[in-house]
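# need coordinates for the following:
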Amino acid sequence: MKILEIVQGSSEWLAARRNYCTASEASAMMGCHPTIKRSELLRMKATGDEKEYSQWVEEVLFARGHEVEALARPIAEKIIGEELYPCTATDDAGELLASFDGLTMDETICCEIKQLNKEKVAQVEAVIVPECDYWQCIQQLAVAEAEKCLYVVSDGTEEGTVHCWLDRDPDAEAKLRGSWAQFQRDLLTYEHRPEEAPKPIGRSPENLPALRIEVQGSVAASNLEAFEAHALSVIGDINTDLQTDADFADAEQTVKWLKKDVEERLVAAKEAALAQTEDIDRLFRTIDKIADEARARRLELDKLVKHRKTAIRDEILSEARRAWSAFVDETNSGLGGKVRLPEIVPDFAGVMKGKRTVSSLRDAVDTEMAQNKIKAHALADRMRANLEILRAESKGYEALFSDAQALVQKDADDLRAQISLRIGEHKKAEADRLEAERAKIREEEQRKAQADADAKAPEERRQQEAKERTADEDARLAHESGATSLGEGTSEPTKPRPAPSRPAPSAEDLRESARRTRERADYAERSSDRNAERAEADRLDARAAAMEQAESRDRPLMVELGEWQKAHGISADAMEALVGILRDRTPLLDMAA
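Okay, here's the model as predicted:
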């Protein structure tokens, strides 16, 4: 708060008020002042004129108000328990101004004193600050940043003093500041309308001369012809082009005049003539003519009044709706196109009800327009701020927020919580999806591996069986060949060797196995199986051929070993060990072992 070193009521004080949004104007700005309309305040601020008060207001109301304020301040100090001092100050932003009737030294309590008023007393006793003073107190609290305001209604005596407390309300303060912001925008676009005069009092055309008729069997004397000419002239000059409030007031008064001062008086004159004679044809036709003309013009004018009033109300209503639509379009364009203001429908028709003058109709519509613009600006500001939050915190996840229109209308904390929740749920769902895909891939790989294993199993079994048969055949042939060769060179019986589980295959057996393997290859379904079987058959034939060649080449050596064993008396076990040592060097010995 910044205190201004000026005296309330001084010329410096009046000059300072022109540069700020003042607390005493707050109620008028909010459209709830009993005597000052918002449009009137707007005009005064735009043109730089101050409202002209009557001499009675200057000398009586203001003087008495200051007197009451001085007398009631000690009473307020007694209620608060602290000393109060009057001052004028602005808020830290230098936008709002308030003139305090009293402020405590620590600036935690302010005081507003009003002159005694029965309606206000009733509201204060119900612990309600009257609406016409409520926004003034709210602005004082905002300027001083005080905790509460003591609202006093007093006649300057303790017996005639009532009070209530008003706590600081951040929501009301925000609404007040938003309303002043809209008021400043309206000032920038203000277009002066011709000032409406006080509600006019209608006037009827000039009175017609009294119609005099004397009848004595015939018309003895009458000014009927002059009356007719004058009456028809006056009736013909009646204005039917209604534009201003004065025109409407004149027309309404003329309708009454035509009915009472013309039609009814003509009927009375006719009845007076009838009382004097039964049949004066010309007299009655003339009277009827004038009466019919007056009645026709009255009905026409009455219809015009009603029609034109309706037309003007419709024009004001249509103009307000067009202005509101243009404002909404302009505001939406400032939101970037992604979101729009929610539908706000000002009740222009509702606020126009009960208003009888053009000026009151326009003021009601302008006030309703301003109040709804305040709401729209506050909502648009929130939506813009929330859009920035949404853009910053949802980056990379924009697809999750297709309902941005609804989201940006939330409070900022609710919006952040919603963003965090959606992104968290999306991440979890995405992680679950990826894990499910990985599991599906693993399952597919396992299935393929199993299928490959199942497809290779028969081939592997055939190869293993072939290897086992080859090993068995090799072992049998080696055993038989070794036993035969060693037995031929000694007369001493050798130690018998344990018989193998299967006889070792001979060269002939190997040839037979190769033949059967080739037969299997001819019937194999897959080419890989046929090739494997044929390769195995070739291997068996090769081993058979090698065995036959070894037997033919190395038989003399085996005979010589047998003689050597006999000559040196080497046992069969020792000979078998010797053959094992030489096994890797001589193929025949390997077979003999």
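# contact partners of the helix or strand in which G178 is found?
Mapping G178 onto the secondary structure by DSSP states H and E places it in helix 170-188. Residues outside helix 170-188 that contact it (Cβ atoms under 8 Å, 6 or more residues apart in numbering): 21, 26, 29-30, 42, 45-46, 95-96, 135, 138-139, 141-142, 370-371, 373-374, 377-378. For every residue, glycine as well, the C-beta is placed using N, CA and C.
# one more: stretch 12-26?
4, 6-7, 29, 41, 48, 50, 88, 90, 94-99, 135-136, 138-140, 143, 176, 180, 183-184.
# one more: stretch 33-43?
25, 27-31, 49, 51, 132, 183, 186-187, 190, 192, 195, 362-363, 366-367, 370.
# may I see the buried residues of it?
33, 36-43 (16 or more other Cβ atoms under 10 Å).
# picking up where we left off before, what subset of the contacts of stretch 33-43 is buried?
Buried among these by 16+ other Cβ under 10 Å: 25, 27-31, 132, 183, 186, 362-363, 366-367, 370.
# closest one to V262 out of these, please.
The closest of those to V262 turns out to be R362 (Cβ to Cβ; 34.9 Å).
# any idea how far A542 is from that closest one?
Distance of R362 to A542, computed by Cβ to Cβ, to the nearest Å: 119 Å.
# next: A370.
110 Å.
# now do I423
Separation of I423 from A542 (Cβ to Cβ): 72 Å.
# please say which of those two ends up with more neighbours.
Ranked by neighbour count (other Cβ atoms under 10 Å), I423 and A542 place I423 first, with 16 against 12.
# max-length helix in the protein?
If you go by DSSP state H, the chain has its longest helix at helix 412-487.
# quick one: work out the angle between the helix or strand just after that one and helix 412-487.
Following helix 412-487 in sequence order, the next helix or strand is helix 507-523 (DSSP H and E). Between the axes of helix 507-523 and helix 412-487, defined by axes from the mean of the first three to the mean of the last three Cα atoms, to 10 degrees, the angle is 140 degrees.
# can you select the buried ones from the contacts of stretch 12-26 in PyMOL?
Those of the contacts of stretch 12-26 that count as buried under 16+ other Cβ under 10 Å are selected in PyMOL with:
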select buried, resi 6+29+41+88+90+95+96+97+98+99+135+136+138+139+140+143+176+180+183
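# neighbours around C110, how many?
C110: 27 neighbours (other Cβ under 10 Å).
# beta partners for it?
L103, C149 (DSSP bridges).
# switch to numbering from 2
All set: I'll call the first residue 2, so the last point we hit is now C111.
# measure it to G337 for me?
For C111 relative to G337 (Cβ to Cβ), the value is 42 Å.
# and T89, what helix or strand is that in?
T89 belongs to strand 86-91 when assigned by DSSP H and E.
# name the residues that touch stretch 310-324?
Residues from elsewhere that reach stretch 310-324 (Cβ under 8 Å, 6+ apart): 249, 347, 349-350, 353, 359, 362-363, 366, 369-370.
# just to revisit the earlier point, which one of the buried residues of stretch 34-44 sits closest to R169?
Using Cβ to Cβ, H34 comes nearest to R169 of the buried residues of stretch 34-44, at 22.2 Å.
# distance of the closest one from T358?
For H34 relative to T358 (Cβ to Cβ), the value is 18 Å.
# same thing with K411?
44 Å.
# ok so, going back, just how off-centre is the helix holding G179 within its chain?
22 Å (Cα atoms, centre = their mean, to the nearest Å).
# now swap in stretch 345-353 and tell me
24 Å.
# quick check: end-to-end length of it?
18 Å (Cα to Cα, to the nearest Å).
# can you give the contact residues for that stretch?
By Cβ under 8 Å, 6+ apart, stretch 345-353 touches 314, 317-318, 321-322, 325, 329, 362, 365-366, 368-370, 372-373, 376-377, 380.
# quick one: buried ones out of those?
Applying 16+ other Cβ under 10 Å to those flags 314, 317, 321-322, 325, 329, 362, 365-366, 368-370, 372-373, 376-377, 380 as buried.
# phi first, then psi, for L97.
Main-chain torsions, L97, degrees, to the nearest 10: phi -100, psi 140.
# mind listing what it touches?
L97 neighbours (Cβ under 8 Å, 6+ apart): 21-24, 91, 140, 143-144, 178, 181.
# so what pLDDT did it get?
Note on L97: pLDDT of 94.
# show me what it is bridged to.
C22.
# now it: how far from V144?
L97 is 5 Å from V144, by Cβ to Cβ.
# list residues touching both of these two?
With contacts defined as Cβ under 8 Å, 6+ apart, the residues adjacent to both L97 and V144 are 24, 91.
# residue ranges in the stretch 152-301 of the chain under the pLDDT threshold?
Applying pLDDT under 70 to the stretch 152-301 of the chain flags residues 194-209, 212-221, 275-282.
# and the pLDDT for E469?
Listed pLDDT for E469 reads 76.
# run a quick neighbour tally on it.
E469 has 11 nearby residues by other Cβ under 10 Å.
# what's the answer for C150, then?
C150: 25 neighbours (other Cβ under 10 Å).
# surely it touches I114?
No: counting by Cβ atoms under 8 Å, C150 does not reach I114; the two are 11.0 Å apart.
# return the list of helices and strands in contact with the strand holding T89.
If you count contacts as 3 or more Cβ pairs under 8 Å, 6 or more residues apart in numbering; DSSP states H and E, strand 86-91 packs onto strand 3-5, strand 97-104, helix 132-145.
# show me what the first one is packed against.
Just to be clear, that refers to strand 3-5. Strand 3-5 packs on strand 86-91, going by 3+ Cβ pairs under 8 Å, 6+ apart.
# lovely, talk soon.
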